[in-house]
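[1] generate coordinates for the sequence data below:
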Amino acid sequence: MMISRRIFGAGMLGTAFAGLAARAHAHLPFNAVNEVGGYGPLVADPDRLLDLPKGFSYQVISRRGNLMSDGFVVPDVADGMGCIGIGKNRVALVRNHELNALEGSSGPFVGDVPDHINAYDRIDDDQQKILPGGTTTLIYDTDERRVVEEFLSLIGTARNCSGGITPWGSWLSCEESALEVSDGVGKDHGYIFEVPADHKGLVDPVPLKAMGCFVHEAVCIDPRSGIAYMTEDRGDSLFYRFIPSVPGQLAAGGRLQALSISGIADTRNWEDISISVGDEHTARWVDLGDPERSAGELRERGAQRGATIFARGEGIFWDEKEHQLFFTATSGGPKKFGQIFRYRPAAKASLHGDDGSLSLFLESQDAATYNLGDNICVMPSGHLMVSEDQYTEITNNHLRCVTPKGKTYVFGRSRIQTEFAGACFSPDGSTMFVNLMSPSTTVAIRGPWDSVISV
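    Numbers count the residues shown, from 1 in each chain. Predicted coordinates:
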């Protein structure tokens with residue numbers, strides 16, 4: 001998500017959230033509608049944090065300001081997150097923190113910044129001012145239900161929004177940023193950084209420049225081919241893919257492309273309906289050439305070459321069972337309540353990037369059934385778990401689920417004025433982890449996942 005496009009100015013992030021949190025419990029209307037039974041009605045949380053269906057419970061495992069194992073503190077603005085098994089009933093949760101360049105007070109450091117910190121970037125006029133964006137990693141024992149370690153794993157980046165896990169056990173952290181050296185920072189931004197799940201401490205912050213410089217949101221990888229698919233959080237965004245020169249080695253370079261649908265220049269359906277729910281469209285991909293140019297230039301170049309436009313591409317997730325992916329377009333549709341697209345790569349997807357098909361899977365006509373979906377993941381049941389991303393004068397963000405037939409139901413509701421982000425499941429499917437963005441709060445949710453009613 002990008003706060004500056006909503007009711008908050010980027011420089012007012014901390015104070016705006018604090019003010020909303022103070023009055024968050026004043027009005028709690030529940031206008032969400034289940035199109036199918038789901039897990040049943042929500043039960044009010046006596047602690048006024050997270051309402052869930054009967055039989056489900058949550059455990060807070062991390063909060064903003066908590067002291068971590070490395071002596072730093074948990075930063076604010078927790079966003080995308082990946083869960084990766086590391087053996088012995090333990091998982092690594094690699095969590096993004098979407099902090100702006102000047103939000104150091106919300107970052108991991110208290111007092112002077114240690115000299116040894118391996119940061120990607122610093123404010124140009126003060127080398128002590130490390131950009132606070134990055135990732136933290138939690139090592140969680142699913143049997144003992146406790147955090148074993150928690151530490152800073154990437155620092156010096158900007159607006160680390162979402163990302164995605166890789167088949168080889170790492171998290172790709174995406175910068176939702178177009179900062180350049182001319183903006184007062186030391187380096188250009190708008191890149192993806194890789195954080196191995198089993199790495200202890202700070203990784204060497206190497207931008208994967210061949211994957212493009214743009215306002216990145218999220219990424220997923222087809223494990224059969226190693227091709228990466230990427231979203232861009234803009235009102236006139238493109239949908240990208242990166243064909244690696246060597247599968248599994250993203251730093252080795254590759255080819256960057258943007259999706260194009262013949263006869264459909266714009267999928268937003270804001271004025272004219274150009275794409276309908278359920279219709280399959282053959283995709284072709286246009287080469288973008290130099291991937292390291294400025295964020296805006298790359299997107300404009302793609303549009304000039306015939307790439308199709310989407311309405312704020314955000315969450316994306318690979319469906320391992322069906323060999324397809326889903327991604328959200330947060331403000332798509334005539335009423336701008338949001339869309340979900342499905343992309344199916346060709347059956348013999350290869351490094352040559354064979355074409356696949358794109359379809360509009362869901363387009364909301366009613367905010368009560370689906371409203372501004374952002375982060376997304378595929379549940380063990382095959383349903384989608386979508387995090388809502390709305391900021392209004394009342395608290396009304398939900399975790400929404402979507403069945404394979406495109407029907408929605410509510411799974412959870414935040415009782416504080418912030419969005420959900422980073423929903424992901426443990427490898428055994430028993431536990432879902434999710435963030436409440438600000439103040440950063442990470443929870444583990446357990447319950448009868450197999451009891452869903454989807455008809």
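[2] so what's W318 bridging to?
    L325 (DSSP bridges).
[3] could you say which helix or strand contains the residue positioned nearest the centre of the chain?
    What sits nearest the mean C-alpha location of the chain, by CA atoms, centre = their mean, is S162, with 3.1 Å. Per DSSP states H and E, S162 falls inside strand 160-165.
[4] I'd like the average pLDDT over that strand.
    The average pLDDT within strand 160-165 is 98.
[5] other SSEs contacting that strand?
    strand 78-87, strand 90-97, strand 133-141, strand 170-175, strand 216-221, strand 313-319, strand 420-425 (3 or more CB pairs under 8 Å, 6 or more residues apart in numbering; DSSP states H and E). To be clear about C-beta, it is placed using only N, CA and C from the backbone, and glycine gets the same treatment.
[6] tell me the strands beside the fifth one, with direction?
    Pointing back at strand 216-221 there. As assigned by DSSP bridges, strand 216-221 forms pairs with strand 228-232 (antiparallel).
[7] who touches the strand it pairs with?
    172, 174, 192, 211-212, 214-222, 237-242, 244, 250, 299, 310, 313-316, 325, 327-328, 343 (CB atoms under 8 Å, 6 or more residues apart in numbering).
[8] shaky segments in the stretch 201-350 of the chain?
    Flagging of the stretch 201-350 of the chain using pLDDT under 70 yields the residue ranges 293-296, 348-350.
[9] let's see 90
    Residues of the stretch 201-350 of the chain that meet the criterion pLDDT under 90 lie in 289-300, 346-350.
[10] tell me where it has helices.
    295-304 (DSSP state H, counting those that start in this stretch).
[11] can you show me the strands along it?
    216-221, 228-232, 240-244, 254-261, 280-287, 313-319, 324-329, 339-344 (DSSP state E, counting those that start in this stretch).
[12] now do the contacts for Y58.
    Counting by CB under 8 Å, 6+ apart, Y58 has contacts 49-50, 52, 443-445.
[13] so which of those comes closest to L372?
    Lowest distance from L372 to these (CB to CB) belongs to L50, with 18.7 Å.
[14] identify the bridge partners of that closest one.
    So, taking DSSP bridges as the rule, L50 has S414 as bridge partners.
[15] burial of it, as a residue count?
    23 (other CB atoms under 10 Å).
[16] just the one 10 residues further on next, same as before
    Neighbour count for V60, taken as other CB under 10 Å: 14.
[17] may I have the strand of greatest length in the chain as CSV, with CA atoms only?
    Using DSSP state E, we find that the single longest strand of the chain is strand 146-157. Provided in CSV are the C-alpha atoms of strand 146-157 (Å, rounded to 0.1, in the frame of the first residue of the first chain):
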residue,chain,number,x,y,z
ARG,A,146,6.8,-19.2,20.8
VAL,A,147,9.3,-16.9,19.1
VAL,A,148,12.8,-18.4,19.3
GLU,A,149,14.6,-15.4,17.8
GLU,A,150,13.7,-12.1,16.2
PHE,A,151,16.2,-9.8,14.4
LEU,A,152,16.8,-7.2,11.8
SER,A,153,17.6,-8.8,8.4
LEU,A,154,17.6,-6.0,5.8
ILE,A,155,18.0,-2.2,6.4
GLY,A,156,18.6,1.0,4.4
THR,A,157,15.8,0.5,1.9
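[18] and the angle for it with strand 133-141?
    170 degrees (axes from the mean of the first three to the mean of the last three CA atoms, to 10 degrees).
[19] strands paired with strand 146-157, and their directions?
    strand 133-141 (antiparallel).
[20] in the strand it pairs with, what's buried?
    Buried positions in strand 133-141, judged by neighbour count with 16 or more other CB atoms under 10 Å: 133-140.
[21] which among these gets closest to E103?
    Proximity of the buried residues of strand 133-141 to E103, judged by CB to CB, is greatest for G133, which lies at 8.3 Å.
[22] tell me what that closest one is bridged to.
    Bridge pairing for G133 - DSSP bridges - gives T157.
[23] so what's it up against?
    G133 touches 97-101, 155-160, 175, 177, counting by CB under 8 Å, 6+ apart.
[24] quick one: which of the residues you listed is nearest to D266?
    D266 lies nearest to S177 out of the contacts of G133, by CB to CB, at 25.0 Å.
[25] where does confidence bottom out across the contacts of G133?
    A101 (88).
[26] E280: neighbouring residues, count only.
    Neighbour count for E280, taken as other CB under 10 Å: 12.
[27] hmm, it is touching F361, no?
    No. Counting by CB atoms under 8 Å, no contact exists between E280 and F361, whose distance comes to 10.8 Å.
[28] picking that back up, filter the contacts of Y58 down to the buried ones, ChimeraX style.
    Selection of buried members from those for ChimeraX, criterion 16+ other CB under 10 Å:
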select :50,52,443,444,445
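[29] what's the farthest-apart pair in the contacts of Y58?
    Greatest spacing in the contacts of Y58, by CB to CB: L49 and A444 (13.2 Å).
[30] report the contact partners of the residue lying closest to Q257 once chain neighbours are set aside.
    Spatial nearest neighbour of Q257, chain neighbours left out: W285 (4.0 Å); criterion: CB to CB, 6 or more residues apart in numbering. Counting by CB under 8 Å, 6+ apart, W285 touches 241, 257-260, 353, 355.
[31] if any of those are buried, put those into a PyMOL selection.
    Applying 16+ other CB under 10 Å to the contacts of W285, the buried members can be selected in PyMOL as follows:
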select buried, resi 241+257+258+259+260+353
